[in-house]
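Asker: Sharing a model prediction with you, sequence too.
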Amino acid sequence: MKKGIHPEYHEINVTMTDGKTVKMYSSVKKDLVLSTDNLNHSAWTGQRSNTGEKGRRTESFKKKYAGFGF
């Protein structure tokens, strides 16, 4: 590896959405506070946040491209 081109890593505190703090290493020099993590993201919880939009995307697509015969 070339010397002098890689960032330095610092120990930081990452605060999760439930308030738990985890120590990690990062090239970012400041502590991070997460607004999304495995406790509230739909990929991990299995809950969908856009269930009220069901069918709206299809309707808007059909309306936008109605002239093409979709």
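Answerer: On my side now, so go ahead. Residues are numbered from 1 along each chain as shown.
Asker: Who are the contact partners of residue 31?
Answerer: 12-15 (CB atoms under 8 Å, 6 or more residues apart in numbering). To be clear about C-beta, it is placed using only N, CA and C from the backbone, and glycine gets the same treatment.
Asker: Secondary structure and distance to residue 38 for those - can I get that in TSV?
Answerer: Output for those, formatted as TSV (DSSP: H, G, I helix; E, B strand; the rest coil; distance: CB to CB, whole Å):
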residue	secondary structure	distance to residue 38
12	strand	19
13	strand	18
14	strand	12
15	strand	14
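Asker: Torsion angles phi and psi at the nearest residue to residue 16 once chain neighbours are set aside?
Answerer: Spatial nearest neighbour of residue 16, excluding adjacent residues (CB to CB, 6 or more residues apart in numbering): residue 37 at 5.1 Å. With angles defined as degrees, to the nearest 10, residue 37 sits at phi -150, psi -170.
Asker: Would you agree residue 37 is in contact with residue 19?
Answerer: No - using CB atoms under 8 Å, residue 37 is not in contact with residue 19, being 11.4 Å away.
Asker: tell me, what's touching those two both at once?
Answerer: With CB under 8 Å, 6+ apart, residue 37 and residue 19 have no common neighbours.
Asker: possible to save the contacts of residue 31 as TSV with neighbour count?
Answerer: Below are those laid out as TSV (neighbours: other CB atoms under 10 Å):
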residue	neighbour count
12	16
13	12
14	16
15	14
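Asker: Tell me how far the helix-or-strand element of the chain with minimal mean pLDDT lies from the chain's centre.
Answerer: When the helices and strands of the chain are scored by mean pLDDT, DSSP states H and E, helix 42-45 comes last with a mean of 70. Chain-centre distance of helix 42-45: 11 Å, with CA atoms, centre = their mean, to the nearest Å.
Asker: Dump that helix to PDB, keeping only the CA atoms.
Answerer: Listed next in PDB are the C-alpha coordinates belonging to helix 42-45 (Å, rounded to 0.1, in the frame of the first residue of the first chain):
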ATOM      1  CA  SER A  42     -38.200  -2.200   7.700                       C
ATOM      2  CA  ALA A  43     -35.500  -4.400   6.300                       C
ATOM      3  CA  TRP A  44     -34.900  -5.800   9.800                       C
ATOM      4  CA  THR A  45     -38.300  -5.400  11.400                       C
END
